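I'll drop the sequence and a predicted model, then ask my questions.
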Amino acid sequence: MAIERTLSIIKPDATRRNLTGAINQRFEDKGLRIIAQKRVQLTLDQAQKFYAVHSERAFYDDLCQYMTSGPVVVQVLYGEDAVTANRLIMGATNPANADKDTIRKDFGESVEANSAHGSDSPENAAIEIAFFFSETEIVG
Ligand code: ADP
Ligand code: MG
């Protein structure tokens with residue numbers, strides 16, 4: 001078991017429905033610690049840079065617009081196998097395919113508005129965390 005950090009984002013569909021606390025409870029119930037957190041309004045430029053890996057995908061423009069449609073909560077989660085643990089807590093990208101009792105199954109509205117983001121590897125987690133946080137903002 002590796003102790004890891006991962007980047008999580010509570011997406012605009014979830015902040016709009018006042019689900020920040022409900023989603024955070026799921027992380028804490030599974031033993032992940034929220035060691036940094038801030039609520040921000042992303043600019044289009046930030047969303048485009050954050051999702052640059054998807055820039056050739058048909059959904060990229062819509063996704064970037066959606067991610068700027070309201071506030072998001074960006075956070076660093078910390079704990080055992082945090083990257084994989086968070087992906088399991090979130091569930092599959094498309095809420096229709098997500099397992100029961102996952103964030104995306106219970107709260108997701110669509111494949112785009114699926115309530116949460118989670119890094120997909122420890123390497124990407126480090127890059128994504130640095131995109132939003134300086135080390136002095138992360139308090140374990
Ligand atoms: P995940 O967030 O599960 O890692 P991806 O990295 O593949 O999924 O996609 C990033 C985000 O892009 C998804 O969380 C979702 O918001 C959006 N997305 C992915 N696939 C689609 C799609 N087919 N149509 C619309 N939006 C999508
Ligand atoms: Mg992804």
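The structure has been received and is ready for your questions. Ligands and ions are numbered 1, 2, ... in the order given.

drop to CA atoms for contacts and neighbour counts, all remaining ones
Fine.

how about P122: what's its closest non-neighbour residue?
Counting by Cα to Cα, 6 or more residues apart in numbering, the nearest residue to P122 once its immediate chain neighbours are dropped is V83, at 6.4 Å.

quickly find the element holding that neighbour.
helix 82-90 (DSSP states H and E).

do that helix and ligand 1 meet?
No: using Cα under 6 Å from any ligand atom, helix 82-90 never reaches ligand 1; the gap is at least 7.8 Å.

residues in contact with whichever helix or strand comes after that helix: which ones?
Sequence order places helix 103-107 as the next helix or strand after helix 82-90, per DSSP H and E. By Cα atoms under 8 Å, 6 or more residues apart in numbering, the surrounding residues in contact with helix 103-107 are 14, 23, 26, 89-100, 114-116.

quick one: contacts of the next helix or strand after helix 103-107?
Proceeding N to C from helix 103-107, the next assigned helix or strand is strand 116-118, under DSSP H and E. The contact list for strand 116-118, computed with Cα under 8 Å, 6+ apart, reads 6-11, 14, 83, 86-87, 90, 103-104.
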